[in-house]
Every structure is written in C-alpha cells, then in structure tokens.
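K.L.:
Everything below, folded, please.
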Amino acid sequence: MKLIIQIPAWNEQEHLPETLAALPSRIDGVDEIEILVVDDGSTDRTAEVAREAGAEVLRMPVHRGLAVAFSAGLRNAVERGADVIVNTDADNQYDARDIPALVQPILEGTAQMVIGDRQVGTLRHFSAMKRLLQKLGSWVVRRLSGTAVRDATSGFRAISRSAALRLHVFTRFTYTLETILQAGEAGLKIVSVPVLSLIHISEPTRPS
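P.N.:
You can find the predicted model right below:
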C-alpha cells in the first residue's frame, strides 16, 4: 500500500520546511510513504527547499492556481503508483498527526474520499459571518452531492486511487467543492473525520 502526500505550494519557501518535517514517516497499514510537492510556478526557492527535504517535486512552469496544482498532483500521484493520496497545505495549517486518521477509512475499505472536518464553528480567527457562510456552504454541498460532508471547503483530505481517477477539476482556484460534487454524483463513499487545525491553537501563518 503506497501513500503519497501531496502539497500544492506557491512561494512557500518560508513555511515548507516546518510542514515537511511534521509529516509522518510511518503509518500502520501503509508500506510506503512518498512526499510530492506541486510547485505552482513559484518565484522563490520552494522547489529547492522541497528537494533538500527529500520530497519529490512536480514543477509547473507558470503559476496556474491552486485547483490546477491540486489536479496535476493527483494525476502525478496516480502515475507514481499511489494507492492513497493525502492533500494538505504548504503553510502547515493542518496538523499532520491527523493524517493516519484521514487514511484509515480508505485502508479499511469504508470510503473512497475522506474530508478533514476542521470544526469550523470553533475556529478563533474566523469571523461570525465567515463561520455562518462556511456552515451554509457545507449544507448546500451536502444537499447537492447527497453526502454527509461537514466541512466542504477543507483541503485536508484523503483520496483513494480509484476516486482520483474519476475526479476532474475544471476551475483554476478551487477544487474543494467541485470534487465533492463529482464524487457524490459518481456514487463514491465520502466520510468526514474531525481534525485539529493548528490554527485552533495558534495564529494562522497567513489569512485563510
């Protein structure tokens, strides 16, 4: 069982070392873990920093946007033989200690996509209006996709190989909602697991 942890990154040389250092090197039920940094046309040393830390790098020649980087990473991870793909952020806003919990439903065969539920209502740096909009947006996505996803905009997620082969992102800047809607339409099993975003306990490294 091969897990690839993909990290879309754009000009993240400052935060990337901490993010990479926090990633797990062993997970029960996983034989091999590989790190893939998708460098979205960075103009700083993002690619070099990633390689120095031992990560594989998929270098995009120009900046195309987060959704394009996410989709390119999925395709590359499948080509590299990934059985499970975890997507996380380069700025270390997600707690890497939750990655085993994210992949567990896929390892058990009970889900094809797992979304990390940040429990948006408890995020200190989100305004009351933003928390309300996040909840409303997730409710709409649940209705449209026929799923029980609680945090539809969370980018912290695990995806099985079979699901990755069926997802196609057509926008440039967001993939979170589109992929859930596609997965729901395809009848894929999606579950949520609670995760502790590091921004529960510290200030975010940049605005969300």
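
K.L.:
After the helix-or-strand element of the chain with minimal mean pLDDT, which helix or strand is next?
P.N.:
Here the helix or strand of the chain ranked lowest by mean pLDDT, DSSP states H and E is helix 128-145, holding a mean of 62. For helix 128-145, the succeeding helix or strand toward the C-terminus, using DSSP states H and E, is strand 157-160.

K.L.:
Give me the contacts around whichever helix or strand comes after that next one.
P.N.:
Next in sequence after strand 157-160, counting helices and strands by DSSP H and E, comes helix 161-164. By C-beta atoms under 8 Å, 6 or more residues apart in numbering, the surrounding residues in contact with helix 161-164 are Leu74, Ala77, Val78, Ala82, Asp83, Val84, Ile85, Gln112, Met113, Ala183, Leu188. For glycine as for every other residue, the C-beta is placed from the backbone atoms N, C-alpha and C.

K.L.:
Quick check: buried residues in helix 161-164?
P.N.:
Buried residues in helix 161-164, counted by 16 or more other C-beta atoms under 10 Å: Arg161, Ala163, Ala164.

K.L.:
got the CA coordinates for it in CSV?
P.N.:
C-alpha atoms of helix 161-164 as CSV (Å, rounded to 0.1, in the frame of the first residue of the first chain):
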residue,chain,number,x,y,z
ARG,A,161,-6.7,5.7,-6.3
SER,A,162,-10.0,4.8,-7.8
ALA,A,163,-11.6,8.1,-6.8
ALA,A,164,-8.6,10.1,-8.1
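
K.L.:
Past it, which element shows up next along the chain?
P.N.:
Scanning onward from helix 161-164 (DSSP H and E), the first element met is helix 176-185.

K.L.:
and the next element down the chain from that following helix?
P.N.:
Proceeding N to C from helix 176-185, the next assigned helix or strand is strand 190-194, under DSSP H and E.

K.L.:
Does anything pack onto that next one? Which helices or strands?
P.N.:
helix 99-107, strand 113-117, helix 176-185 (3 or more C-beta pairs under 8 Å, 6 or more residues apart in numbering; DSSP states H and E).

K.L.:
Paired strands for the second one, with orientation please.
P.N.:
Read that as strand 113-117. strand 157-160 (antiparallel), strand 190-194 (parallel) (DSSP bridges).

K.L.:
In a markdown table, list those along with distance to Pro8, mean pLDDT and mean neighbour count.
P.N.:
Shown next, in a markdown table, are the strands paired with strand 113-117 (distance: least, C-beta to C-beta, whole Å; pLDDT from 0 to 100; neighbours: other C-beta atoms under 10 Å):
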| stretch | distance to Pro8 | mean pLDDT | mean neighbour count |
| --- | --- | --- | --- |
| strand 157-160 | 12 | 97 | 27 |
| strand 190-194 | 21 | 93 | 19 |
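
K.L.:
Could you dump those strands into CSV with distance to Val57 added?
P.N.:
As requested, the strands paired with strand 113-117 are exported to CSV (distance: least, C-beta to C-beta, whole Å):
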stretch, distance to Val57
strand 157-160, 20
strand 190-194, 29
